[in-house]
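**Student:** Quick check, what structure comes out for this input:
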Amino acid sequence: MKSTTTRSMAVVAAVLATGLLAGCAEELPVPKPEAPVAAAVVTQSQERKILDKVSGVVDEANKASKADSLAARLSGPALSIRETQLKLAAARGDDEPLTNLTMQMQQVILPSDQEWPRSSYAITVQPKDLTTPVLMAFNQSTAREQYKLWAWVRLLPGVTMPQFAEADLGSASVAPNDESLKMTPDSAVEQYASVLTVDERSKYADNFADDDLRAFFREYGQKQVDAINKEECGGEFKVGYERTKDPVKAVRTADGGALMLAAMISTETITAKEEGCEIGPPSESAQALWGDAGNTNVVQLNYKDVVAMYIPPKDSDDQVSLVGYEHVLSSVSNG
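**Tutor:** Numbering: from 1, shown residues only. Now for the predicted structure:
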């Protein structure tokens, strides 16, 4: 009995000693996993190759005055608008309607999204024949598709662009229904269409900073009315905007807001209301599409548009603001 007790005490002492030694032992360092490094999924050199491919297709179409090859590297609003510009240039007999799409860039905004579709953006150096640089959006719909020019706008004179993450880090896309913003990109398009249509009479007017496009329609519309009223013909000018079925494209800015591009269509209607009064197309481009048609009391001009807007983050006191647009005449009729 005594020997059993002695053995038991020895075992307990050994266990305690082992525990004390373990408690005093220095813990081995466990390596911590490195935090993932944010990086763009397209490098700047890859983006340069994309730009060169798109530029080559655009230049070839310009030289041939044909739009057949554009679909290889243009899609969405960009394809539709460039086809329209080439048609208008052919009708006029010159290249004045063609936006200069030279792919010399001063800034690129590369995607960080791992999934598709992926979009990148770029701002050109200022072309010689334009008063401002051009903002372009490129889209890759699937992993097997090529990047294509999806849309572009001419930036407003003197506009201050939002800041973005460094190109090598990449910038995330923003969903059309993203609610972290002052308004969702989808809502911004719908509301801005109302503002462009009725200006300050829109219930959404206070959500947007005044801009050059709205000012253009005020001045241009008044000029058309004044010209008709000189003939005592009761001039009237109306404009109507609506979004197209094309999805919006939006990218996150450094402050948590978003830069978005959206396609729209618009109609300008100029009317001489007094009986017996007639008017004709108000511009050289409109006359080229009008052809030999006689004058009438109503002229309707249809346009294809792209607008680019900055949407502030939800807690900002700033309004949504236009940063650029493209407004391209597509057809003219007598209403």
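
**Student:** ok, and the closest non-adjacent residue to N334?
**Tutor:** T296 (4.0 Å; C-beta to C-beta, 6 or more residues apart in numbering). (Each C-beta comes from the backbone N, C-alpha and C, glycine too.)

**Student:** got the contact list for M136?
**Tutor:** 101, 121-124, 149, 151-152 (C-beta atoms under 8 Å, 6 or more residues apart in numbering).

**Student:** wait, what's in contact with the residue nearest to the spatial centre of the chain?
**Tutor:** Nearest to the mean C-alpha position of the chain, by C-alpha atoms, centre = their mean, lies L261 at 2.1 Å. Listed by C-beta under 8 Å, 6+ apart, the contact partners of L261 are 135, 137, 150-151, 153, 248-250, 306-308.

**Student:** can the residues you listed go into a markdown table with extra columns for distance to E47, secondary structure and pLDDT?
**Tutor:** Putting those into a markdown table (distance: C-beta to C-beta, whole Å; DSSP: H, G, I helix; E, B strand; the rest coil; pLDDT from 0 to 100) gives the following:
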| residue | distance to E47 | secondary structure | pLDDT |
| --- | --- | --- | --- |
| L135 | 15 | strand | 98 |
| A137 | 13 | strand | 98 |
| W150 | 14 | strand | 98 |
| A151 | 17 | strand | 98 |
| V153 | 19 | strand | 98 |
| V248 | 22 | coil | 98 |
| K249 | 16 | strand | 98 |
| A250 | 19 | strand | 98 |
| V306 | 21 | strand | 98 |
| V307 | 24 | strand | 98 |
| A308 | 19 | strand | 98 |
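
**Student:** quick one: which of those is nearest to A272?
**Tutor:** V307 (30.2 Å; C-beta to C-beta).

**Student:** residues in contact with the residue nearest to the closest one when sequence neighbours are not counted?
**Tutor:** Sequence neighbours aside, Y325 is the residue nearest to V307 in space, at 4.8 Å (criterion: C-beta to C-beta, 6+ apart). Contacts for Y325 (C-beta under 8 Å, 6+ apart) come out as 153-154, 156, 213, 305-308.

**Student:** which of those residues count as buried?
**Tutor:** Neighbour counting by 16 or more other C-beta atoms under 10 Å classes 153-154, 156, 213, 305-308 among these as buried.

**Student:** need the residues you listed in a markdown table with distance to A193, can you?
**Tutor:** As requested, the buried ones among the contacts of Y325 are exported to a markdown table (distance: C-beta to C-beta, whole Å):
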| residue | distance to A193 |
| --- | --- |
| V153 | 16 |
| R154 | 19 |
| L156 | 18 |
| L213 | 12 |
| D305 | 10 |
| V306 | 13 |
| V307 | 9 |
| A308 | 15 |
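
**Student:** what's the closest of these to V225?
**Tutor:** L213 (18.7 Å).

**Student:** Show the contacting residues for the closest one.
**Tutor:** With contacts defined as C-beta under 8 Å, 6+ apart, L213 is in contact with 196, 307, 322, 325, 327.

**Student:** again, 6 Å this time
**Tutor:** Residues near L213 by C-beta atoms under 6 Å, 6 or more residues apart in numbering: Y325.

**Student:** can I assume it sits in a helix?
**Tutor:** Yes. The assignment for L213 by DSSP: H, G, I helix; E, B strand; the rest coil puts it in a helix.

**Student:** Now do it, the pLDDT please.
**Tutor:** pLDDT recorded at L213 is 98.

**Student:** Next, find the distance separating it from A39.
**Tutor:** Separation of L213 from A39 (C-beta to C-beta, to the nearest Å) stands at 37 Å.

**Student:** can you give me the strands for the stretch 1-150 of the chain?
**Tutor:** Secondary structure of the stretch 1-150 of the chain (DSSP state E, counting those that start in this stretch): strands located at 105-109, 118-124, 134-140, 148-155.

**Student:** just so I know, which of those strands lies nearest E231?
**Tutor:** Across these, closest to E231 is strand 148-155 (C-beta to C-beta), at 34.1 Å.
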